[in-house]
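sequence plus the predicted model coming up.
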Amino acid sequence: MDLTITQVLDDLRTADEIVRRFERRYWLSSADFFTLYQQGLLDDGGRTEDYALWAGFHLINVDREAALGTLSTQRVRQLRGQTLALDPREPVLKAGPGAGFLNRAEYETVIGALPKAFPAITKTTLRMRNSGAPTAIVDGELFFPSGLRLRIIEAIDYKAGRIQAYAYTLWRGENKLGWFDSTPLTGEPHLAENFPHHYHDLSTGDEQRASAPALSFTHPNLPAVINFCLLLDQPPVSPVSRVATGPLPPMVVAPPQAPPSKSTTGALHLPVAAQSNGNGHGHDHALDQDVIVEQDAPQPLAPDPTPQPPPDPA
């Protein structure tokens, strides 16, 4: 899609505001964060939604800085060799078709049709938040029978025609079952089939990773992920070997082609800056609700493996 310089500047303002909030939260520059993210060193599941939004809007910020540079260079070229006269017509960046994702109206239609397409959905809070002219955040939850809940976050850039980053987290009550994300994990050959898309399975109590061949940056992922959720209640097959059938490519999660990879012990944990907002979680909730959504899914506590002594009969 074509962008006016006003839209470019609006996107820069919004993206910059979002990444600055994360920089304050984690005391880390976006460039350094993205380097760690690209190396797969932050993929520990504790802050999946934060990292997805931070990475997505860092990419949008970089793209719009390049777009502004292109428009400015074109402007200078027009002014050279002539008497300087400022043309009131707004510069427009002619963009290509992008990577192929749906436009905003089409994707809103897909989201709105999910409950009808999947009658097993008992409740939805999913919505698309406009965060700039050609950018959006999709966030919310889908609820299923048996207490299953799918938490969704996507950072979408319609100019680039792609989902820049996402996180799809599965919960049953307060128990985290697993999550899909696109953090690049190198050095794990069985995840190469559809790099960097993969699933973290917690169903066995020991994290396993599997490739997610049906997921993409350039087509809607939600129908395939929903099919995967519906299959979780069909015993006795492990989630990492389930085959989903539906409107998108048939395989959602591929069985590992090598011994399942365990959670990387070298993963880095980014401590949250100690800026309490009164809710006890130390999160910075100054982000505008029309700009960004907070990660509000409950964080399950690991059970204490230490046997407890019987109560004192006295």
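Perfect, I can see it now.

so, low pLDDT: which residues of the stretch 1-150 of the chain?
1-2, 43-45, 81-99, 131-133 (pLDDT under 70).

all strands for it, in order.
3-4, 92-93, 123-124, 127-132, 135-143, 148-157 (DSSP state E, counting those that start in this stretch).

which residues sit against the fifth one?
Translated: strand 135-143. Strand 135-143 is contacted from outside by 11, 14-15, 53, 57, 60, 104, 107, 111, 114, 121-131, 149-159, 226, 229, 291-293, using Cβ atoms under 8 Å, 6 or more residues apart in numbering. Where you see a C-beta, it was placed from the backbone N, CA and C, and this is true even at glycine.

from those, which would you call buried?
Buried members of these, counted by 16 or more other Cβ atoms under 10 Å: 11, 14-15, 53, 57, 60, 104, 107, 111, 114, 121, 124, 126, 128-129, 131, 149-159, 226, 229, 291-293.

what comes up buried for stretch 221-233?
Going by 16+ other Cβ under 10 Å, stretch 221-233 has these buried residues: 221-232.

save those as a markdown table, and put in secondary structure and pLDDT too.
Output for the buried residues of stretch 221-233, formatted as a markdown table (DSSP: H, G, I helix; E, B strand; the rest coil; pLDDT from 0 to 100):
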| residue | secondary structure | pLDDT |
| --- | --- | --- |
| 221 | coil | 94 |
| 222 | helix | 95 |
| 223 | helix | 94 |
| 224 | helix | 93 |
| 225 | helix | 95 |
| 226 | helix | 94 |
| 227 | helix | 93 |
| 228 | helix | 93 |
| 229 | helix | 92 |
| 230 | helix | 90 |
| 231 | helix | 87 |
| 232 | coil | 82 |
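
now those as JSON lines including distance to residue 32?
What follows is the buried residues of stretch 221-233, written out as JSON lines (distance: Cβ to Cβ, whole Å):
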{"residue": "221", "distance to residue 32": "28"}
{"residue": "222", "distance to residue 32": "32"}
{"residue": "223", "distance to residue 32": "36"}
{"residue": "224", "distance to residue 32": "33"}
{"residue": "225", "distance to residue 32": "30"}
{"residue": "226", "distance to residue 32": "35"}
{"residue": "227", "distance to residue 32": "37"}
{"residue": "228", "distance to residue 32": "33"}
{"residue": "229", "distance to residue 32": "35"}
{"residue": "230", "distance to residue 32": "40"}
{"residue": "231", "distance to residue 32": "39"}
{"residue": "232", "distance to residue 32": "37"}
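
from the residues you listed, pick the one nearest residue 199.
The closest of the buried residues of stretch 221-233 to residue 199 turns out to be residue 228 (Cβ to Cβ; 8.1 Å).

ranges for the helices of the stretch 1-150 of the chain?
For the stretch 1-150 of the chain, the helices defined by DSSP state H, counting those that start in this stretch occupy 5-26, 30-38, 48-79, 104-117.

please name every helix or strand in contact with the last one.
Spelled out, that is helix 104-117. strand 127-132, strand 135-143, helix 222-231 (3 or more Cβ pairs under 8 Å, 6 or more residues apart in numbering; DSSP states H and E).

tabulate the ones you listed (a markdown table), appending distance to residue 198.
Shown next, in a markdown table, are these (distance: least, Cβ to Cβ, whole Å):
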| stretch | distance to residue 198 |
| --- | --- |
| strand 127-132 | 25 |
| strand 135-143 | 20 |
| helix 222-231 | 13 |
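
got a list of what the nearest residue to residue 9 once chain neighbours are set aside touches?
Excluding its sequence neighbours, the residue lying closest to residue 9 (Cβ to Cβ, 6 or more residues apart in numbering) is residue 68, at 7.2 Å. Counting by Cβ under 8 Å, 6+ apart, residue 68 touches 5, 8-9, 12.

what is the burial count for residue 146?
Neighbour count for residue 146, taken as other Cβ atoms under 10 Å: 9.

that one touches residue 170, doesn't it?
No - counting by Cβ atoms under 8 Å, residue 146 does not reach residue 170; the two are 11.9 Å apart.
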